[in-house]
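> Dropping a prediction and its sequence here:
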Amino acid sequence: MSPPVASLRPGYMIGSAPSGWLPFGGSMHCPACGTQGPTNARFCYSCGQSRPEGPTPAHLPDQDMLVVATVVTVMVSGTHVADGVPALLAALVATATEAEGLIVQQDLDRLVIAFGALDPRDDHAVLAVTTTLALQAIIESWQPESAGGDGLVRLGIHSGPVWAERRHGALAVAGTTLHHAWQLALQAKNRQILISEPTCRLVREQVHTAPVPQVLDRSIEAPIAVYELGARRLPSPPAWQTHSPLIGRQRECEQVRTMAAQLRGGHGGVIAITGEAGLGKSRLIAEAKHDLGDDAPSAWLEARAQAWATLRPNGLFADALAALFDVTGEPPLVIQARLAQHMHDRDHQVPCESELPYARRVALLAHLFGVPLSEPSDVGAVGDETALALAMFLRQEALHRNGLVLVFDDVQWADEVSLATLLSLMMMTSDIPLLIVLAYRTDVGLSKRLNTAANWFQEIVLSPLNSEEIRALITARLPAVHLSSGVTEELLVHTAGNPYYIEEVLKALVESGGLPSDGDMWMTTGRFSLPKTVREAAMGRLGNLTPPQRRSLQVASVIGRTFTAAMLRDLLVDAWQDLALAELTRSDLLVSIGDGRYVFRHNLTQEVAYATLTETERAHWHGAVAGWLERQHGHHLSEIVELLAWHYVRAGDGGRPQALGYLMKAAERAMQQGAPQTALHHWQDVLALGKDHFLPDAARARVLSQIGEAFLLTGQTDQAVGAYQAALVLLGSAEQAVVQRKPGADLATLEGAPNNVKNM
């Protein structure tokens with residue numbers, strides 16, 4: 001359907017109309033205020049008085065008619081966007097025309113669309129706002145969040161009487177309703193949709209609205225209240241069961257429960273749950289805990305590695321301790337005080353079988369949270385002592401509580417120091433009631449390392465669901481849905497038995513309206529396009545979101561797997577943020593975990609949301625997140641230097657100075673924690689990030705000196721010699737010849753030159 005050709009004549013806005021157009025005209029007076037209004041009005045547009053339905057007037061083919069319509073005005077301004085405006089308006093016109101809107105005016109800076117004037121209908125306002133939300137999505141893609149410049153695209157919607165005149169197939173539209181929609185667009189901010197109170201009355205059941213300070217001034221008449229249009233209210237899904245039985249994992253679930261039950265006998269063990277993304281590793285653990293009920297151990301600690309966790313030594317255990325004491329985000333000294341009191345009590349309840357004194361154990365564990373060690377320590381000794389302090393702490397907890405379950409999820413992202421500590425802990429699980437449950441994506445090498453470290457080790461390898469289990473999953477999730485045999489067969493063949501894949505396809509069908517109702521049942525008609533991969537299925541879910549919801553999910557993906565509503569609200573400065581989070585939770589993309597905190601339902605959702613951002617957008621939001629963290633933590637940045645380094649490294653050139661600074665601090669902290677290998681990686685990142693003369697020679701020499709020291713501590717003598725030599729070359733030192741030795745030189749031969757470099 002081609003859009004009507006728009007033009008103007010004095011006093012009217014004109015568009016073409018099909019020859020079969022049947023006007024619904026006439027007028028009536030409001031019994032409350034006497035104002036003349038259209039007979040198809042549902043309330044008086046002057047005083048708001050509800051009106052009963054009146055008789056349908058006779059067909060008036062060739063005269064002015066008073067009808068109720070909803071008018072949408074799109075205003076475009078800004079010098080830098082002029083070249084792209086025609087293409088934008090063409091896309092908007094095509095979308096509006098497809099939705100049966102009448103293009104009343106189309107200029108380079110304005111688009112006016114009327115709904116209900118061409119074909120009078122009761123749902124003209126709902127059709128107008130839902131179409132405008134679609135227009136907003138087009139504008140969002142044309143003008144992304146991170147784009148700068150002075151471009152403005154503003155939208156206004158007003159419902160009210162319009163005079164329509166049909167002459168020889170042409171429809172002329174006039175009235176103050178057109179002017180009011182234009183006024184609203186002028187008052188709107190960039191990409192904001194403002195609607196009048198009359199429109200709000202007609203659509204409040206279908207969309208979310210929020211009052212704004214502006215009013216619509218009508219000269220001698222009372223002003224009209226103005227609202228901001230938000231997302232469409234999602235319809236209730238067709239009997240979608242958020243909580244359904246775990247399908248196809250009964251045997252594996254029983255294995256976890258059996259191991260947990262052995263804790264009462266004083267024995268523990270290690271379980272590794274492995275499999276590809278989407279097979280249900282985390283769900284299996286949660287289901288096993290739920291099934292244990294009152295028999296579940298009183299101490300059940302969970303920690304999840306995130307992508308940036310490789311930067312932080314023993315990060316998994318720091319997160320587990322933070323969960324135990326509920327001190328996430330607390331200042332380091334507060335954490336130290338709680339640790340000290342707790343460990344003092346435990347020492348009196350369960351004797352500590354360690355040569356490390358109480359004060360030293362407290363200091364080592366507090367050091368994981370950024371509290372400096374009061375006494376200088378040998379780098380190698382600190383690492384060993386920290387692992388021992390953690391082992392003693394967990395041993396006391398397990399014995400005192402008569403059972404402790406330690407769950408580590410997404411171990412594929414854990415730092416090397418955490419893995420080393422984990423391996424040492426596993427050796428003592430057969431003698432104390434400590435059960436360690438690990439979940440990670442298939443990694444044969446990691447499984448072999450774990451298997452050699454524990455006597456009571458079990459690996460549960462999750463396999464895809466079979467055809468019978470897939471059918472059971474569909475029935476459990478959508479019990480009121482009857483899928484055609486063709487659709488079921490496609491799910492069986494193409495999803496490879498991946499439960500996440502299957503559920504995302506089903507949810508996409510629900511959200512896109514692909515499951516029409518047939519009485520009490522819902523069914524698909526014919527075939528549909530099935531996503532080819534798990535990631536494509538997740539991408540399809542994101543495609544069904546409104547622009548505010550999609551933007552919220554994208555920015556949250558930059559923050560991490562877990563985030564807070566307050567943080568997202570501050571970053572986006574969006575009045576609709578809480579609403580977007582509520583809808584995303586309802587859509588099962590996010591999970592609310594209390595206290596304003598949210599977590600992505602699945603890692604893949606976060607990864608796909610992040611992938612939809614451009615490189616420029618990622619850099620912008622990583623920098624914004626890092627800046628927010630700095631402001632919130634103030635003088636307590638020491639505990640999050642690794643996280644800040646992670647974000648600033650990804651913030652592009654604008655974040656390079658901060659990235660270098662935090663990487664250096666992270667490297668120094670790793671050395672203090674006895675993790676020279678981690679420190680080595682940080683120093684090497686500093687060197688790579690400071691290329692192109694960003695670091696002066698003196699600073700590069702210091703970094704090379706630190707790299708040399710880290711190589712020495714990890715037993716890589718040849719590499720240490722090379723690093724020290726490179727440092728001296730940069731300095732142009734006369735002592736350069738001191739370290740010109742063959743690779744593999746004895747450590748003693750390096751004395752002298754390294755000290756000179758270190759003391760620069």
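Received, thanks.
> Just read off the phi/psi values of the residue nearest to A363 when sequence neighbours are not counted.
Ranked by CB to CB, 6 or more residues apart in numbering and with sequence neighbours excluded, the top spatial neighbour of A363 is L373, at 5.8 Å. Every C-beta, even on glycine, is put in place using the N, C-alpha and C of the backbone. Note on L373: backbone dihedrals following degrees, to the nearest 10 are phi -70, psi 130.
> Tell me how many other residues surround L373.
Look at L373: counted by other CB atoms under 10 Å, it has 14 neighbours.
> measure it to A710 for me?
In this view, L373 and A710 are 19 Å apart by CB to CB, to the nearest Å.
> Repeat that for A666.
Using CB to CB, which is the criterion applied here, A666 is 13 Å from A710.
> about what we covered before: was I right about the residue nearest to A363 contacting V382?
Yes: in this structure, L373 sits in contact with V382. The criterion is CB atoms under 8 Å, and the distance is 7.4 Å.
> Overlap in contacts, the two.
Counting by CB atoms under 8 Å, 6 or more residues apart in numbering, the shared contacts of L373 and V382 are 364, 367, 672.
> and which of the residues you listed is nearest L581?
Nearest to L581 out of those is H367 (CB to CB; 35.6 Å).
> How about L553: what's its closest non-neighbour residue?
Leaving out its chain neighbours, L553 is closest to A609 (CB to CB, 6+ apart), at 4.6 Å.
> what comes up buried for whichever strand or helix holds the one you found?
Following DSSP states H and E, one finds A609 within helix 603-611. Of all the residues in helix 603-611, those buried under the rule 16 or more other CB atoms under 10 Å are 603-610.
> Could you list the low-confidence segments of the stretch 101-250 of the chain?
For the stretch 101-250 of the chain, the stretches with pLDDT under 70 are 118, 120, 143-151, 166-171, 218-221, 234-243.
> 90 instead, please
The model of the stretch 101-250 of the chain has pLDDT under 90 over residues 101-110, 115-127, 130, 133-153, 159-180, 189-191, 197-198, 200-225, 230-248.
> just how off-centre is the helix or strand hosting V407 within its chain?
For V407, the element it lies in under DSSP H and E is strand 404-409. Centre-to-centre, strand 404-409 and its host chain are 25 Å apart (CA atoms, centre = their mean, to the nearest Å).
> returning to that earlier point: give me the angle between the helix holding A609 and strand 404-409.
40 degrees (axes from the mean of the first three to the mean of the last three CA atoms, to 10 degrees).
> ok, residues contacting helix 603-611?
Outside of helix 603-611, the residues within contact range by CB under 8 Å, 6+ apart are 277-278, 410, 500, 534-535, 538-539, 541-542, 553-554, 556-558, 560-561, 589, 600, 618.
> Out of those residues, which sit inside helices?
Residues from those lying in helices, with DSSP state H as the criterion: 500, 534-535, 538-539, 541-542, 553-554, 556-558, 618.
> List buried residues within those.
With neighbours counted using 16+ other CB under 10 Å, the ones in helices among the contacts of helix 603-611 contain these buried positions: 500, 534-535, 538-539, 541-542, 553-554, 556-558, 618.
> Specify which member of these is nearest to D685.
If you rank these by distance to D685 using CB to CB, R618 comes first, at 17.9 Å.
> For that closest one, give me its contacts.
For R618, the residues meeting the contact criterion (CB under 8 Å, 6+ apart) are 558, 610, 650.
> Find me the pLDDT at it, would you?
You'll see R618 listed with a pLDDT of 95.
> same question, E639
pLDDT, read off for E639, is 79.
> if I pick it, what's in contact with it?
Going by CB under 8 Å, 6+ apart, E639 touches 332, 369-370, 633.
> per-domain residue ranges of the protein.
Taking automatic domain parsing as the criterion, the chain consists of the domains 7-232, 250-460, 467-543.
> Which one, of those, ends up nearest to A626?
With CB to CB, the closest approach to A626 among the domains of the chain belongs to domain 250-460: 11.4 Å.
> wait, doesn't L663 sit right on A645?
Yes: using CB under 8 Å as the test, L663 is close enough to A645 to be in contact (4.7 Å).
> Could you name every residue contacting both of those two?
H682.
> returning to that earlier point: can you check the pLDDT for the residue nearest to L553?
In the prediction, the pLDDT value recorded for A609 is 94.
> same deal with L553?
Reported pLDDT at L553 in the predicted model: 94.
> That one and Y598: what is the separation?
Here L553 is placed at a distance of 10 Å from Y598 (CB to CB).
> do the same with A537
Distance, A537 to Y598, using CB to CB: 21 Å.
> Next: L450.
For L450, the distance to Y598 - CB to CB - is 31 Å.
> Beyond the strand or helix carrying A260, next helix or strand please.
With secondary structure defined by DSSP H and E, A260 is part of helix 250-261. On the C-terminal side of helix 250-261, the closest following helix or strand by DSSP H and E is strand 269-274.
> What ranges does the stretch 101-250 of the chain have for its strands?
In chain order, the stretch 101-250 of the chain shows strands spanning 102-106, 110-115, 152-167, 170-174, 193-196, 207-218, 221-232, with DSSP state E, counting those that start in this stretch as the criterion.
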